[in-house]
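Colleague: Sequence and predicted model, in that order:
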Amino acid sequence: MSSASERAEISKADAAGEPCPTPLAWQQVITAVHEEREEFTFACGGGRLRGATFGRGRPLYFLGPIAGDWDLFGLTAWLLREDYRCTFVELPSLGYTTDAATYLAECADAVIAAADQLEDGRIALLGASFGATVALAVMGAHTDRVETAVLFSATAGRRLTLIERAMLVWGGLLPGRLRQLPGWKGIQEQNHRRWFPPFDHSRFEFLLQNLGETSIAGAARRQAVLGGVDLRSRLAQIDQRVLVVRTEGEGRILAEHQRELQGALPAAVVEEMHNTGQLPYLTHPHRVAKLVRGFLD
């Protein structure tokens, strides 16, 4: 579909109160994104990281969740490609002994290093889960470089119980992939399956495959970072407009963090997305694209 026809379909679906269809099957979309994106490498912290751009227009940087890779944003990026140059940044690897504050600062510096590589001045951020926390860190440390941000499942850090800390320390030492953990697939089924469109059953299988390839140690260490940092004291200094997206299934603890962000960020705007689950950029990309365009424009 062309951009105009995509937007027409969005308007029709919104008027009817129905979920929007994807413009292509996810397999075709992801393949097209892989073929058309331009990859780059950049120096950061004495090493080299990589990134990729897709589309054209204003720079919009995607920062991903604890598990999974760039492809989770593929459907949304496809719909935004004619208005925004979607940029995906590889965040630094997390060593077992690296403390949370240091690692989060390294991630923020990596985003700005990528922007320097692409000669971008001020950028917009789209962060999900762990990526949302990184986005807050970027805005706090590099205020002059970030124009605005859209955040999903955002938190400025959370306290972990002793049991949670012990489990994450143990998980940070485990070999293997998430898909190998007993009961992991069932948890994903319970948390996410109901929100995926019924006409595209294979898209949920794509989620399982993508998340399942994440290393157990890497996921545990990034989760531990969220419990080892506290950005709340910096939130009042972030005066850029920030869109905090609320969805179903976020749970009591995450809901508390979302409300805290709403109250602490001086220019926070809140949007509730119904019937999408916690991964709307994958389950309902048309609605996310419309939301992002409306906010950024």
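Modeller: Sure thing, it's come through.

Colleague: residue ranges with poor pLDDT in this protein?
Modeller: 1-24, 95-97, 159-170, 172 (pLDDT under 70).

Colleague: Show me what the longest helix seen in it is packed up against.
Modeller: Longest helix in the chain, counting residues (DSSP state H): helix 100-117. Using 3 or more CB pairs under 8 Å, 6 or more residues apart in numbering; DSSP states H and E, the elements in contact with helix 100-117 are strand 38-44, strand 47-55, strand 58-63, strand 84-89, helix 130-141, helix 216-228. For the C-beta atoms, the positions are set from N, CA and C on the backbone; glycine is no exception.

Colleague: Direction-wise, compare the fifth one with strand 84-89 and give the angle.
Modeller: Interaxial angle, helix 130-141 versus strand 84-89 (axes from the mean of the first three to the mean of the last three CA atoms, to 10 degrees): 100 degrees.

Colleague: Okay, buried residues for the very next helix or strand once past helix 130-141 please.
Modeller: Per DSSP states H and E, helix 130-141 leads on to strand 146-152 as the next helix or strand towards the C-terminus. By neighbour count on 16 or more other CB atoms under 10 Å, the buried set for strand 146-152 is 146, 147, 148, 149, 150, 151, 152.

Colleague: ok, which pair from those is furthest apart?
Modeller: 147 and 152 (18.1 Å; CB to CB).

Colleague: tell me the contacts of the closest residue to residue 184 other than its chain neighbours?
Modeller: Of all residues not flanking residue 184 in the chain, residue 178 sits nearest, at 5.5 Å (CB to CB, 6 or more residues apart in numbering). Contacts for residue 178 (CB atoms under 8 Å, 6 or more residues apart in numbering) come out as 67, 184, 211, 212, 213, 214, 215, 216, 219.

Colleague: and which of these is nearest residue 270?
Modeller: residue 67 (25.8 Å).

Colleague: so that closest one, which of the three states?
Modeller: What DSSP: H, G, I helix; E, B strand; the rest coil gives for residue 67 is coil.

Colleague: The residue nearest to it when sequence neighbours are not counted: neighbour count?
Modeller: Excluding the flanking residues, the one nearest residue 67 by CB to CB, 6+ apart is residue 214, at 4.0 Å. When neighbours are counted by other CB atoms under 10 Å, residue 214 registers 18.

Colleague: before we move on, the earlier item: just the buried members of the contacts of residue 178?
Modeller: Among the contacts of residue 178, those buried by neighbour count (16+ other CB under 10 Å) are 67, 184, 211, 212, 214, 215, 216, 219.

Colleague: Could you dump these into CSV with distance to residue 203 added?
Modeller: Shown next, in CSV, are the buried ones among the contacts of residue 178 (distance: CB to CB, whole Å):
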residue, distance to residue 203
67, 17
184, 19
211, 13
212, 15
214, 18
215, 23
216, 24
219, 21
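
Colleague: would you turn the buried residues of strand 146-152 into TSV with distance to residue 48?
Modeller: Output for the buried residues of strand 146-152, formatted as TSV (distance: CB to CB, whole Å):
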residue	distance to residue 48
146	23
147	27
148	29
149	26
150	28
151	28
152	29
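
Colleague: What is the nearest of the residues you listed to residue 110?
Modeller: Looking across the buried residues of strand 146-152 and measuring by CB to CB, the closest to residue 110 is residue 146, at 14.0 Å.

Colleague: follow-up on the earlier one: and the buried ones among the contacts of residue 178, which two are the farthest apart?
Modeller: Checking those with CB to CB, the most distant pair is 184 and 215, at 12.8 Å.

Colleague: if we can go back for a sec, pull out the buried positions in the longest helix of the chain.
Modeller: 100, 103-115, 117.

Colleague: Restricting to C-alpha, output that helix in CSV.
Modeller: Coordinates of the C-alpha atoms in helix 100-117 are reproduced here as CSV (Å, rounded to 0.1, in the frame of the first residue of the first chain):
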residue,chain,number,x,y,z
ALA,A,100,23.7,-0.8,36.5
ALA,A,101,24.4,3.0,36.5
THR,A,102,27.6,2.6,34.5
TYR,A,103,25.9,0.4,31.9
LEU,A,104,22.9,2.7,31.5
ALA,A,105,25.2,5.6,30.9
GLU,A,106,27.1,3.5,28.3
CYS,A,107,23.8,2.8,26.5
ALA,A,108,22.9,6.5,26.5
ASP,A,109,26.3,7.4,25.1
ALA,A,110,25.9,4.7,22.4
VAL,A,111,22.7,6.3,21.2
ILE,A,112,24.3,9.7,20.9
ALA,A,113,27.4,8.2,19.3
ALA,A,114,25.1,6.7,16.6
ALA,A,115,23.4,10.1,16.1
ASP,A,116,26.9,11.7,15.7
GLN,A,117,27.7,9.0,13.2
